[in-house]
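In: Dropping a prediction and its sequence here:
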Amino acid sequence: MAWFSKALRLWPWPAAISSGLLYAFCFAPFNQAWLCWLALTPLLAAIWFSGAEAKRRWRRDLALGYVAGLAFFWTVFFWLRTVTVPGLVLVGLYMAIYFALWSWICGLLRPSLRAPAVVNRWMQPPPNSLLSSTGSAPASESPQSRSPWLRSTNNLRLAFLLAAVWVAQEWLRSLVLTGWGWNTLGTALHAQLTLIQITEFTGVAGLSFLVAFANVILLTTVRRFILEIHVRPMRPHYDLTLTMAAIVGVMGFGLRALQVHRPANPLHVALVQPNIPRDQKFNAEFAQSTFDQFTRLSAPALGSSPRPDLLVWPESSMPGPVLHDEPSHRFVMDFSGSAQTDLLLGTIDRDEAEAWYNAALLVSDAGKRVQVYRKVHLVPFGEYVPGRHTMPLLARIVGDQVPDDFAFGKEHTVFRLSNDKATVAPLICFEDTIGDLTRQFVLAGANLLANVTNDGWFLRSAGSQQHLANAVFRCAETRLPMVRAANTGVTCFINEFGRITQILRDENGSQFTEGVLMGEVAIPIDKRTTFYVRHGELFAECCVGISAMVLLFLGVRLVRRRRL
């Protein structure tokens, strides 16, 4: 049985991996969002209830979190293999660091266990906790009954602090190296309309906080039940009750918000999805076939009644830069003249200094009026390589996938339609997954969000579905509708509540097809802005401040202990 005992001691590592996998299963292609409410509990159990004999337990906590992070990021972003396998490996190795940091703090905040001897040893961490209770208890109170796990206040405080730290690490992940904040805990709830309405105040960070909080309370509740079986009769505790009440309260707010409809004017929009293979997209040999395809797919919309106020083509629509390549320029301007409607499309642009930009154009009045937006937020390792010149190894790893860097745009340009029915935020590619960026366009006057993207890089993988899941929150945060035109993937309409109202599909229900999607969006008449638009990631920033104070407190306490 010695081998069994040794194998049993290894349980924390499979537990950490299972946390990463449960978290990943919340997203496409699995879409088991309910798992987010318990995904973190195996990792927390591994950190809190094992490793008492470790000499440097903090290193073990870091390692457990890192393993969980690798399991999550390598699973949820497995679709990156369609672009670059080395990039997939690097993304996991880098992003798992944030998981590890949270796990480290979970270890520092590990509650002490004054448990009865009959409780299994593997469930007992050592008594030298940084959150151990101080002060003496009445003589009639047993050491077991003084366990912090039995106190609702202790459990609520622990859940509050760890949820704040979780939000802080997600916030950091979204900023460092220009950030890639996809698939946060809160994003797993993208299809739960009643829950996501709270984001008009907190952003997605508020949902992440709620889910992380519930994970901690779930584990502390299970631990409390185990202890109470041995120390005293079980009785109701308000930590679990308050957590459930908070979830119900958020849902109640969402139900109320879904019943409020702002006065709006209709705008007719047509979205074209050409489904051009990525090896043909910028190939001059296929230029004419690309022009013909856009003309053919746009024809049903232009011949419809009412005629669309806006026609949208996806990111990098043309084989050449529209303002600098003569065939592409001639085709777009001639098409605009015959279409007699505003045309929004993605292209490549160049400035006087020969810097290249991923850009969007709004072409109006038969090509006489052209508005240009240059992408502000570039995708690391997709549109530029961070540290390309200071860390040349990175450039070698991504190789021909990113041969050169795009330049960063500097202005949040808002497009105005020629009929003045709407002002458009032209979000390019992953920009519709960034709340703080989108709100800048709304502050500049946008009342319609339009995303042009080329998810064809990810073939028929889950990449485009995950992209959409992260994008729907922009509508709930800003209370504005969104239209999305993809080269392939998910071309759709989303209303101001984050509900997907129309999706382009073929006869078999597949989203990976060519076609045109026509619909009507409601452009709000009033210019009221949400709390989130006015204040941005205030909730996340408060969590960052709380996390900083926690680290300061723990650091001071550690120094005092060493002096003693």
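Out: Nice, thanks for sending it over.

In: Now do the strands in the protein.
Out: Assigned by DSSP state E, the strands in the chain fall at 264-273, 310-312, 342-350, 356-364, 369-374, 415-416, 423-428, 448-453, 482-486, 492-494, 500-503, 515-524.

In: Make JSON lines out of the ones you listed and add mean neighbour count, distance to Ala214 and mean pLDDT.
Out: Just so you know, the C-beta spots here come from the backbone N, C-alpha and C atoms, and that holds for glycine as well. Below are these laid out as JSON lines (neighbours: other C-beta atoms under 10 Å; distance: least, C-beta to C-beta, whole Å; pLDDT from 0 to 100):
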{"stretch": "strand 264-273", "mean neighbour count": "22", "distance to Ala214": "35", "mean pLDDT": "97"}
{"stretch": "strand 310-312", "mean neighbour count": "28", "distance to Ala214": "39", "mean pLDDT": "98"}
{"stretch": "strand 342-350", "mean neighbour count": "24", "distance to Ala214": "40", "mean pLDDT": "95"}
{"stretch": "strand 356-364", "mean neighbour count": "24", "distance to Ala214": "39", "mean pLDDT": "95"}
{"stretch": "strand 369-374", "mean neighbour count": "19", "distance to Ala214": "40", "mean pLDDT": "96"}
{"stretch": "strand 415-416", "mean neighbour count": "20", "distance to Ala214": "41", "mean pLDDT": "98"}
{"stretch": "strand 423-428", "mean neighbour count": "27", "distance to Ala214": "31", "mean pLDDT": "97"}
{"stretch": "strand 448-453", "mean neighbour count": "28", "distance to Ala214": "30", "mean pLDDT": "97"}
{"stretch": "strand 482-486", "mean neighbour count": "28", "distance to Ala214": "29", "mean pLDDT": "97"}
{"stretch": "strand 492-494", "mean neighbour count": "24", "distance to Ala214": "27", "mean pLDDT": "98"}
{"stretch": "strand 500-503", "mean neighbour count": "16", "distance to Ala214": "26", "mean pLDDT": "97"}
{"stretch": "strand 515-524", "mean neighbour count": "19", "distance to Ala214": "33", "mean pLDDT": "96"}
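
In: if we compare those strands, which one ends up closest to Leu40?
Out: Closest approach to Leu40 among the strands of the chain (C-beta to C-beta): strand 500-503, 27.9 Å.

In: So what's the gap between that closest one and the chain middle?
Out: 20 Å (C-alpha atoms, centre = their mean, to the nearest Å).

In: now stretch 514-521
Out: 26 Å.

In: Give me the contacts around it.
Out: If you take C-beta atoms under 8 Å, 6 or more residues apart in numbering as the criterion, stretch 514-521 is touched by 266-275, 293, 297-298, 300-301, 304, 308, 448, 481, 483, 488, 491-493, 495, 501-504, 506.

In: mind redoing it with 7 Å?
Out: Residues from elsewhere that reach stretch 514-521 (C-beta atoms under 7 Å, 6 or more residues apart in numbering): 266-275, 297-298, 300-301, 304, 308, 448, 481, 483, 491, 493, 502, 504.

In: Then stretch 287-298?
Out: Stretch 287-298 is contacted by residues 272, 274, 276, 311, 313, 317, 319, 327, 331, 335, 514-516 when judged by C-beta under 7 Å, 6+ apart.

In: May I see the buried residues of that stretch?
Out: Going by neighbour count (16 or more other C-beta atoms under 10 Å), the buried part of stretch 287-298 is 287, 290-291, 293-294, 297-298.

In: Show me those that map onto helices.
Out: Counting by DSSP state H, the part of the buried residues of stretch 287-298 found in helices is 287, 290-291, 293-294, 297-298.

In: Which one of those is nearest to Ser510?
Out: Distances from Ser510 to those, taken as C-beta to C-beta, are shortest for Leu297 (16.6 Å).

In: Mind pulling the model confidence for the closest one?
Out: Predicted confidence (pLDDT) at Leu297: the value is 96.

In: and it, how far is that from Val167?
Out: Applying C-beta to C-beta, to the nearest Å, the value for Leu297 to Val167 is 43 Å.

In: Next: Arg330.
Out: Arg330 is 51 Å from Val167, where distance means C-beta to C-beta.

In: Looking at these two, which has the bigger crowd around it?
Out: Each of Arg330 and Val167 has its neighbours counted (other C-beta atoms under 10 Å); Val167 has more, 34 against 13.

In: show me the contacts for the more buried one.
Out: By C-beta under 7 Å, 6+ apart, Val167 lies in contact with 205, 208-209, 540, 543.

In: Among the residues you listed, which one has the most neighbours?
Out: Ala205 (30 neighbours).

In: circling back to that earlier point, put together JSON lines for the ones in helices among the buried residues of stretch 287-298, with distance to Leu21 on each row.
Out: What follows is these, written out as JSON lines (distance: C-beta to C-beta, whole Å):
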{"residue": "Ala287", "distance to Leu21": "45"}
{"residue": "Thr290", "distance to Leu21": "41"}
{"residue": "Phe291", "distance to Leu21": "46"}
{"residue": "Gln293", "distance to Leu21": "41"}
{"residue": "Phe294", "distance to Leu21": "42"}
{"residue": "Leu297", "distance to Leu21": "40"}
{"residue": "Ser298", "distance to Leu21": "44"}
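
In: what's the neighbour count on Leu38?
Out: Neighbour count for Leu38, taken as other C-beta under 10 Å: 16.

In: now do the one 5 residues further on
Out: The burial count assigned to Leu43 is 31, neighbours taken as other C-beta under 10 Å.

In: List the buried residues for the longest helix belonging to the chain?
Out: The longest helix of the chain (DSSP H) is helix 204-231. Going by neighbour count (16+ other C-beta under 10 Å), the buried part of helix 204-231 is 204-221, 223-224, 226-228, 231.

In: Could you do stretch 532-546 as well?
Out: Buried residues in stretch 532-546 (16+ other C-beta under 10 Å): 532-533, 536-537, 539-540, 542-544, 546.

In: what does it contact?
Out: 164, 167-168, 171, 199-203, 205-206, 209, 435-436, 439, 442-443, 477-478.

In: Could you give the number of residues near the closest residue to Val379 other than its chain neighbours?
Out: Counting by C-beta to C-beta, 6 or more residues apart in numbering, Phe430 is the residue found nearest to Val379 once chain neighbours are left out, at 5.4 Å. The local packing of Phe430 (other C-beta under 10 Å) involves 23 other residues.
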